[in-house]
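Novice: no sequence on hand, only this structure:
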Ligand SMILES: Cc1cc2nc3c(=O)[nH]c(=O)nc-3n(C[C@H](O)[C@H](O)[C@H](O)COP(=O)(O)O)c2cc1C
């Protein structure tokens, strides 16, 4: 997303006011991603505490099936920044790559003569993905608590094979997300979110009436009105045609013309996370998952162990 004229979903400024029962609640509710870092090293003791907060996170069965690659080397940070087209990655004091890691547990099982099929199990993969993210989020909160700022970088998913090489990731280790941490140049302001009334469902799921739903998103994105240039209309129209056909493309363009702008939903799914591109890589991702040592989507064949099964 290089178009400077197009407002980004990263840029909303919304000050949340109110009183909080304690500092933790204030920290959690006022948090925001930080993409503007001071050139300042994090003292080792502080970083140690932050990382410790991560590894004390809840994890399925207390197995801790994850590893974190800690990158402070300037050259490596530069490489990551270039790779992900996001300059601030190089400016962060530390970049952390959170990886699912079944390799360590597999080795443990082998050494202790225990059966092991975790890399062939969807259940294990699913839970380990959650474990990895929960650990990352605790680290974010800990960083906030220590006066630091952080931002996740999800675009590493375009570079799985490169990351494997760069960081010597063995079989069974899968990079999930990158987290940049550093001292903020300026405290970032909290972003608008959908409210409790929209996100929380009492006891069972309730569909929100159309008007209420439209209003909620309208409130959240009231600042986002994308200029309807011919180029953008052509692009969205092409995406619509590809995924839902000509009639839908005409409806979408009609709505843009009536409004006089491209609305945030059209921007998200027609220009940013393009509906046609987002599905295009599915089979390639499965290939990569397999290359990294995971085979849970295939018929299970028990691996032969050294010294017999
Ligand atoms: C999984 C994930 C991936 C993300 N990837 C990026 C990214 O590549 N670049 C970026 O600037 N922000 C990224 N973000 C940050 C989001 O843009 C940010 O959380 C969102 O806009 C809400 O803003 P807030 O964190 O300030 O509340 C990511 C966040 C998550 C949770």
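Specialist: Received the coordinates, thanks. Given the structure is predicted, the values throughout are model-derived calculations rather than measurements.
Novice: the helix ranked longest in the chain - what's its average pLDDT?
Specialist: Of all the elements of type helix in the chain, the one with the most residues (DSSP state H) is helix 122-145. Helix 122-145 carries an average pLDDT of 98.
Novice: buried set for that helix?
Specialist: Within helix 122-145, the residues that qualify as buried are 124-125, 127-129, 131-144, counting by 16 or more other C-beta atoms under 10 Å. The C-beta positions use only the backbone N, C-alpha and C, and glycine is treated the same way.
Novice: tell me which other helices or strands the following helix or strand past it touches.
Specialist: Once helix 122-145 ends, the next helix or strand along the chain (criterion: DSSP states H and E) is strand 149-153. Applying 3 or more C-beta pairs under 8 Å, 6 or more residues apart in numbering; DSSP states H and E, we find strand 149-153 packed against helix 122-145, strand 173-182.
Novice: at 7 Å instead, please
Specialist: strand 173-182 (3 or more C-beta pairs under 7 Å, 6 or more residues apart in numbering; DSSP states H and E).
Novice: show me how far the strand it packs on is from its chain's centre.
Specialist: The chain centre lies 9 Å from the centre of strand 173-182; the measure is C-alpha atoms, centre = their mean, to the nearest Å.
Novice: and the helix or strand just after it, how far from the chain's centre?
Specialist: Heading C-terminal from strand 173-182, the first helix or strand you meet, by DSSP H and E, is helix 196-199. Mean-position distance between helix 196-199 and its chain equals 22 Å (C-alpha atoms, centre = their mean).
Novice: cool, stretch 238-248 as well?
Specialist: Centroid separation for stretch 238-248 versus its chain: 28 Å, with C-alpha atoms, centre = their mean.
Novice: buried set for it?
Specialist: Of the residues in stretch 238-248, those buried (16+ other C-beta under 10 Å) are 239, 240, 241, 243.
Novice: before we move on, what about stretch 67-76?
Specialist: In stretch 67-76, counting by 16+ other C-beta under 10 Å, buried: 67, 68, 69, 71.
Novice: same check, this time on stretch 98-111
Specialist: By neighbour count with 16+ other C-beta under 10 Å, stretch 98-111 contains the buried residues 98, 99, 100, 101, 102, 103, 104, 105, 106, 109.
Novice: take the residues you listed and lay them out in a markdown table including pLDDT.
Specialist: Shown next, in a markdown table, are the buried residues of stretch 98-111 (pLDDT from 0 to 100):
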| residue | pLDDT |
| --- | --- |
| 98 | 98 |
| 99 | 98 |
| 100 | 98 |
| 101 | 98 |
| 102 | 98 |
| 103 | 98 |
| 104 | 98 |
| 105 | 98 |
| 106 | 98 |
| 109 | 97 |
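Novice: so what's residue 79 closest to, chain neighbours aside?
Specialist: Among residues not flanking residue 79 along the chain, residue 166 sits closest, at 6.9 Å (C-beta to C-beta, 6 or more residues apart in numbering).
Novice: and the one you found, how many neighbours?
Specialist: Residue 166 has 17 neighbours, counted by other C-beta atoms under 10 Å.
Novice: ok, and the closest non-adjacent residue to residue 220?
Specialist: The shortest distance from residue 220 to any non-neighbouring residue, by C-beta to C-beta, 6+ apart, is to residue 192 (5.0 Å).
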